[in-house]
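*Asks:* Predicted coordinates and the sequence they were generated for:
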Amino acid sequence: MPQLHRLALIFGALCLAGQANATNVFRLEGYGPVSRGMGGTSAAYDVGSAALVANPATLGLATDTSRLDLGFDLVTTSRLKITDTATGETVRSGHKDITSAYFAPEAGYARRSGNLTWGVGAYAGGGLGTQYGKSSFLSRTPGGIDTGLENSSRLLVLQIPVGVSWEVNDRLTVGAALEAMWTGLNLNLLLGVDQVGSLIGQNRARGSLVPVLGGIPGLEGAHFSLSKGSDIHSGVEAWGWGGRFGMTYKASESTRVGASYTLKSHLADLKGRARLTAISSVAGQIPLSGDISIVDFQMPSVLTAGVAHQATENLLLAADVSYIGWKDAMKDIRVRYTANGGGDLAIELPQNYRDVTILNLGAAYRIDRWTWRAGASISNQAIPDNMLFAVIPATPTKHLSAGFSYDFDRANAVNFAYSHALKQTLSNSSLPNVSTAAPIRSEHTQDNFVFNYTHRF
């Protein structure tokens, strides 16, 4: 595990300044430029080494002996706007251009030997992020105190899979992958006194520090900071494992069907250091440092089925349907905090995510050395309106995508895809996730890019 830890730190060190914004909730809307360009489809055709984090059976569809893919994802987040619907004040997540976007590298190697194909890789599996600064209405208490405390988030999920596929016969191929997973989270969050009171009233805030907070004269709110203030390091982190298996079946000379199942992750509790700051109109800010953990924070199970049809010699069509088990994975965000000098606090922030069904559609057309791709995806909304947090804007449900590949020769190619999340608007005026003094509306669009270089040998 120490070797894997060093690998994750090297991989994470390449993630430049900026925060990842949510795509399909916390998951990317397609892995690698081939899948991303075709609307996130991946179940029944060759998507390169990204098959390791999609349908590992499709590793066996490659015609090359060996393949190396090196590239990166880029997520821009400048078009996330939060509005205080009571006052009309607005704040945007603090990314203005491509230089402040979020970069996540990806790498994969696959090798074929007879009926067996194996591969190994490292990929960003998902994330989210916001950066609202210290001076917006989100940093103001219900009583009007400007705290100067930050509201932000950054979640990154890394996957390091090893997988195999086996060509059972000329029609059926099966595959499986096992992966190490690492998750890191930075979070700065201000809860107003009305939110704190609502959590206590719903028995969602417990522990010996509850009466201590309640006894502070002029209490206006509480601010949690579990962040190392770095774009590389995380305030809390954990290792774990995940995996998936799948199959493809050649139904005819031109049509192939595929299916895969990704297990719900098995991550340890995210642990680290944090600071709890009570805000008082009488005593000012009262900071208290301690240990914190996010309990049972998991990525969901995913069941996917799809079909790929070679309509003509040059035209490939694909369609997938995925069912994602967010309801089981994200009911509450469970926080456990222990102060240095003693005292504890247990908080359960309600989320109550719904399960999500995603329809992915894609097409690819080859002309000489070029392959042009386009696609779309649509899903239902995972987050109930009254559960929305400004720092957890996992709201996009509709994406359009396009991309291309260019083959320099039989061995070398570049691949690119662009995905646009259409504008999604959600509002929340309900305790405990927003203060009744600042009901919010979230407007969210974003642009994602992915690029890689492929070497076949």
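*Replies:* Received it, and whenever you're ready, just let me know what you need.

*Asks:* hey, which strand is longest across the chain?
*Replies:* strand 172-192 (DSSP state E).

*Asks:* Could you export it as PDB, CA atoms only?
*Replies:* The C-alpha trace of strand 172-192 is given here as PDB (Å, rounded to 0.1, in the frame of the first residue of the first chain):
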ATOM      1  CA  LEU A 172     -18.300 -14.100 -26.600                       C
ATOM      2  CA  THR A 173     -15.700 -12.100 -24.600                       C
ATOM      3  CA  VAL A 174     -15.700 -11.700 -20.800                       C
ATOM      4  CA  GLY A 175     -13.600  -9.500 -18.600                       C
ATOM      5  CA  ALA A 176     -13.000  -8.200 -15.100                       C
ATOM      6  CA  ALA A 177     -11.000  -5.500 -13.300                       C
ATOM      7  CA  LEU A 178      -9.900  -5.000  -9.700                       C
ATOM      8  CA  GLU A 179      -8.700  -1.600  -8.700                       C
ATOM      9  CA  ALA A 180      -7.200   0.300  -5.800                       C
ATOM     10  CA  MET A 181      -9.100   3.500  -5.100                       C
ATOM     11  CA  TRP A 182      -8.000   6.700  -3.400                       C
ATOM     12  CA  THR A 183     -10.400   9.500  -2.400                       C
ATOM     13  CA  GLY A 184      -9.400  13.000  -1.100                       C
ATOM     14  CA  LEU A 185     -11.600  15.800   0.000                       C
ATOM     15  CA  ASN A 186     -11.100  19.500   1.000                       C
ATOM     16  CA  LEU A 187     -14.100  21.300   2.400                       C
ATOM     17  CA  ASN A 188     -14.900  24.700   3.900                       C
ATOM     18  CA  LEU A 189     -18.500  25.100   4.900                       C
ATOM     19  CA  LEU A 190     -20.300  27.700   7.000                       C
ATOM     20  CA  LEU A 191     -23.500  26.600   8.700                       C
ATOM     21  CA  GLY A 192     -25.800  29.400  10.100                       C
END
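
*Asks:* Could you give the average pLDDT over the helix or strand just after that strand?
*Replies:* Using DSSP states H and E, the helix or strand that directly follows strand 172-192 along the chain is helix 193-201. Averaged over helix 193-201, pLDDT sits at 97.

*Asks:* How about helix 193-201, which residues are buried there?
*Replies:* Val193, Asp194, Gln195, Val196, Gly197, Ser198, Leu199, Ile200 (16 or more other C-beta atoms under 10 Å). (Glycine included, C-beta is placed from N, CA and C.)

*Asks:* From Arg334, how far off is the third one?
*Replies:* In this case it means Gln195. 16 Å (C-beta to C-beta, to the nearest Å).

*Asks:* next one: the fifth one
*Replies:* Taking C-beta to C-beta as the measure, Gly197 falls 19 Å from Arg334.

*Asks:* ok, which stretches of this structure are helices?
*Replies:* 2-13, 32-37, 193-201, 209-214, 326-329 (DSSP state H).

*Asks:* tell me which strands and helices the fourth one is in contact with?
*Replies:* Which is helix 209-214. Contact here means 3 or more C-beta pairs under 8 Å, 6 or more residues apart in numbering; DSSP states H and E; on that basis helix 209-214 packs against helix 193-201, strand 344-350.

*Asks:* again with the third one
*Replies:* Under the contact criterion of 3+ C-beta pairs under 8 Å, 6+ apart, helix 193-201 touches helix 209-214, strand 219-226, strand 344-350.

*Asks:* Kindly report the same for the shortest one.
*Replies:* Here helix 326-329 touches no other helix or strand, going by 3+ C-beta pairs under 8 Å, 6+ apart.

*Asks:* So which of the helices and strands packed on helix 193-201 is nearest Thr445?
*Replies:* Nearest to Thr445 among these is strand 344-350 (25.6 Å), distances taken as C-beta to C-beta.

*Asks:* okay, the closest one in PDB with CA atoms only?
*Replies:* Taking Å, rounded to 0.1, in the frame of the first residue of the first chain, the C-alpha atoms of strand 344-350 are listed here in PDB:
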ATOM      1  CA  ASP A 344     -17.000  15.200  20.200                       C
ATOM      2  CA  LEU A 345     -19.600  16.100  17.600                       C
ATOM      3  CA  ALA A 346     -21.500  13.800  15.200                       C
ATOM      4  CA  ILE A 347     -23.300  15.500  12.300                       C
ATOM      5  CA  GLU A 348     -25.400  13.900   9.600                       C
ATOM      6  CA  LEU A 349     -26.000  16.200   6.600                       C
ATOM      7  CA  PRO A 350     -29.000  14.900   4.600                       C
END
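
*Asks:* could you give the mean pLDDT of stretch 206-213?
*Replies:* 96.

*Asks:* Correction: the previous question concerned stretch 258-276.
*Replies:* Computed over stretch 258-276, the average pLDDT equals 98.

*Asks:* Please apply the same query to stretch 445-455.
*Replies:* 93.

*Asks:* in that stretch, what counts as buried?
*Replies:* Applying 16+ other C-beta under 10 Å to stretch 445-455 flags Thr445, Gln446, Asp447, Asn448, Phe449, Val450, Phe451, Asn452, Thr454 as buried.

*Asks:* For Arg336, see how far away the closest residue to the last one other than its chain neighbours is.
*Replies:* So that's Thr454. Using C-beta to C-beta, 6 or more residues apart in numbering and skipping residues adjacent in sequence, the residue nearest Thr454 is Ala413, 4.6 Å away. Separation of Ala413 from Arg336 (C-beta to C-beta): 49 Å.

*Asks:* same question, Val196
*Replies:* From Val196 to Arg336 the distance is 17 Å (C-beta to C-beta).

*Asks:* coming back round to it: filter the buried residues of stretch 445-455 down to the ones in strands?
*Replies:* Thr445, Gln446, Asp447, Asn448, Phe449, Val450, Phe451, Asn452, Thr454.

*Asks:* Out of those residues, which two sit at the greatest distance?
*Replies:* Thr445 and Thr454 (30.1 Å).

*Asks:* Turn the ones in strands among the buried residues of stretch 445-455 into CSV, columns for distance to Ala62.
*Replies:* Shown next, in CSV, are those (distance: C-beta to C-beta, whole Å):
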residue, distance to Ala62
Thr445, 35
Gln446, 31
Asp447, 30
Asn448, 25
Phe449, 24
Val450, 19
Phe451, 20
Asn452, 15
Thr454, 11
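
*Asks:* Return the distance of Arg27 relative to Lys398.
*Replies:* 15 Å.

*Asks:* When these two are compared, which one has more neighbours?
*Replies:* A direct count of neighbours by other C-beta atoms under 10 Å for Arg27 and Lys398 places Arg27 higher, at 25 against 13.

*Asks:* Return the set of residues that bridge with that one.
*Replies:* Asn24, Gly126 (DSSP bridges).

*Asks:* can I assume Ser227 is in contact with Asn188?
*Replies:* Yes - between Ser227 and Asn188 there is a contact under C-beta atoms under 8 Å: 5.6 Å.

*Asks:* Which neighbours do these two have in common?
*Replies:* Residues touching both Ser227 and Asn188 (C-beta atoms under 8 Å, 6 or more residues apart in numbering): Glu150, Ser152.

*Asks:* Pick out whichever of those two has more residues nearby.
*Replies:* Asn188 (25 against 22).
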